[in-house]
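Participant: Sharing a model prediction with you, sequence too.
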Amino acid sequence: MNSDLAPPRPDQHPFRWGVLAGVWLVYFSFGLSLSALAPLVPPISRDLNLSYGAMGSILGAWPLIYIFVAIPCGALIDRIGLNRALLLAAAIMGVSGILRSLAVDHVTLFLAVALFGIGGPLISIGAPKAIAQWFHGPERGLAMGIYITGPSLGGMLSLSLTNSVFMPMMGEDWRAVLLLYAAVPLFGGLVWFLLNRNPTSRAVDMENRGDGSIAGQVAIFGQLLRIGSVQLVLLMAIGIFFFYHSLASWLPEILRNGGMAATSAGLWAAAPVAVGIVGSLIIPRLATPERRFPILLGMFVSAGIGAAFLFSDSLAGVAGAVFFQGLARGSLMTIAILVLMESKGVEPRHMGAAGGLYFTAAEVGGVAGPVTLGLLFDASGTFDLGFYVLIGICVALVMLLFMHRSAERAQAG
């Protein structure tokens with residue numbers, strides 16, 4: 001065949017930017033749906049007669065499901081292909097949003113949010129796979145930096161505009177707001193479907209399918225779990241997600257409890273996301289292997305300082321909490337995955353299994369965080385105990401980081 005007539009490789013095909021836009025939109029929908037309930041805790045709790053402990057269990061419902069389905073979802077993506085997997089993720093997120101708007105009690109709202117936990121791993125595992133399929137070399141880092149802003153911007157939009165724009169627009173009807181948000185992932189799924197009718201997209205999708213054998217993955221998991229440095233990274237992942245999901249779920253209400261109006265609390269709760277977006281585009285690029293330890297150490301300390309600032313009701317204290325939290329939340333997950341990727345004994349061909357293991361472990365913290373803060377509030381009437389727990393988590397993360405460095409040095413020796 002004449003090489004001049006051969007189609008360009010995926011990483012040279014102009015359609016790769018359309019794929020990136022589609023991934024970004026579906027991931028934006030993920031972030032929007034993830035943060036949609038946090039600004040609506042007071043009216044939902046009031047209308048459905050829910051305590052903060054009950055709301056904490058609802059906010060932690062989707063990561064609970066995520067823990068059990070991440071590994072099967074990873075296998076499913078390999079089996080049915082990325083194009084179908086992301087379409088399914090968008091549909092599940094949309095249906096979850098619709099069911100949230102129809103909830104009548106704790107059980108129905110819990111199940112609606114839990115359904116989101118099936119769509120979550122399809123997008124969080126599928127998005128990096130899409131970048132790997134379509135981008136190579138320096139462009140891959142650029143593409144990852146772009147797509148990771150999607151969920152952050154989606155979360156920032158729902159946190160900042162729910163009470164200031166959409167609740168007044170919908171006559172203070174939280175059900176109507178959730179129904180409006182449900183339309184976003186459905187629209188994203190439609191765009192993704194239309195994009196992937198492209199013949200090149202179908203060919204790339206077929207080329208990158210595997211057998212998705214769960215049995216094979218389980219064997220690799222056992223091998224990875226025997227590596228001491230991997231065990232420590234997984235423990236760090238639990239702490240990182242405990243911190244992240246606690247504040248992602250409760251920060252608007254923490255600020256309201258400190259005396260802010262709902263509108264102002266929503267805007268301030270969105271600010272760490274904005275700081276995190278800037279940080280995620282800069283800090284992970286600086287985290288080369290020789291710099292990774294001090295950068296991670298700095299991020300854990302920053303997270304602890306941000307939690308300590310929450311004790312203050314002053315505007316300066318809120319600003320400090322916003323800045324230090326945002327700095328940590330925007331980069332911790334990415335850098336921790338880089339640490340896992342370069343841990344001794346983790347081969348590149350095992351990174352899919354290692355990534356699934358990482359997110360499965362991490363969502364244990366994702367469940368425990370929101371539930372713990374809600375229960376501690378019910379027990380004490382304030383969030384102060386929760387702040388102490390968050391600071392303690394950050395101290396534990398620093399200790400685990402030093403232990404990881406020692407384990408890596410021992411393996412190298």
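Facilitator: Received, thanks. Residues are numbered from 1 along each chain as shown.

Participant: Tell me where the stretch 151-300 of the chain has helices.
Facilitator: Under the criterion DSSP state H, counting those that start in this stretch, the stretch 151-300 of the chain contains helices at 167-169, 174-195, 199-207, 214-225, 228-257, 262-286, 289-309.

Participant: which stretch among the ones you listed comes nearest residue 20?
Facilitator: Evaluated over these, closeness to residue 20 peaks at helix 174-195, with 10.2 Å, by CB to CB. Every C-beta, even on glycine, is put in place using the N, C-alpha and C of the backbone.

Participant: other SSEs contacting that closest one?
Facilitator: In this structure, helix 174-195 makes packing contacts with helix 16-35, helix 41-48, helix 82-101, judged by 3 or more CB pairs under 8 Å, 6 or more residues apart in numbering; DSSP states H and E.

Participant: after the second one, next one along is what?
Facilitator: In this case it means helix 41-48. Next in sequence after helix 41-48, counting helices and strands by DSSP states H and E, comes helix 52-59.

Participant: go on, the last one?
Facilitator: Sequence order places helix 106-134 as the next helix or strand after helix 82-101, per DSSP H and E.

Participant: What average pLDDT does that next one get?
Facilitator: Mean pLDDT, helix 106-134: 86.

Participant: do stretch 225-241 as well
Facilitator: In this model, stretch 225-241 carries a mean pLDDT of 91.

Participant: Kindly report the same for stretch 335-355.
Facilitator: 69.

Participant: And stretch 361-370, by the same measure?
Facilitator: If you average the pLDDT over stretch 361-370, you get 87.

Participant: how far is it from where the chain is centred?
Facilitator: 11 Å (CA atoms, centre = their mean, to the nearest Å).

Participant: Please save the CA atoms from that stretch in CSV.
Facilitator: Extracted in CSV, the C-alpha atoms of stretch 361-370 (Å, rounded to 0.1, in the frame of the first residue of the first chain):
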residue,chain,number,x,y,z
ALA,A,361,-8.4,1.8,48.3
ALA,A,362,-8.8,5.5,48.0
GLU,A,363,-12.5,5.4,48.0
VAL,A,364,-12.5,3.7,51.4
GLY,A,365,-11.3,7.2,52.6
GLY,A,366,-13.9,8.7,50.3
VAL,A,367,-16.7,7.0,52.1
ALA,A,368,-15.3,7.4,55.6
GLY,A,369,-14.6,11.1,55.3
PRO,A,370,-18.1,12.5,54.8
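
Participant: Would you quantify the distance from residue 383 to residue 244?
Facilitator: 16 Å (CB to CB, to the nearest Å).

Participant: returning to what we had before: return the most buried member of the helices of the stretch 151-300 of the chain.
Facilitator: The highest mean neighbour count among the helices of the stretch 151-300 of the chain, using mean count of other CB atoms under 10 Å, belongs to helix 228-257: a mean of 24.

Participant: Would you mind getting the angle between that helix and helix 262-286?
Facilitator: 160 degrees (axes from the mean of the first three to the mean of the last three CA atoms, to 10 degrees).
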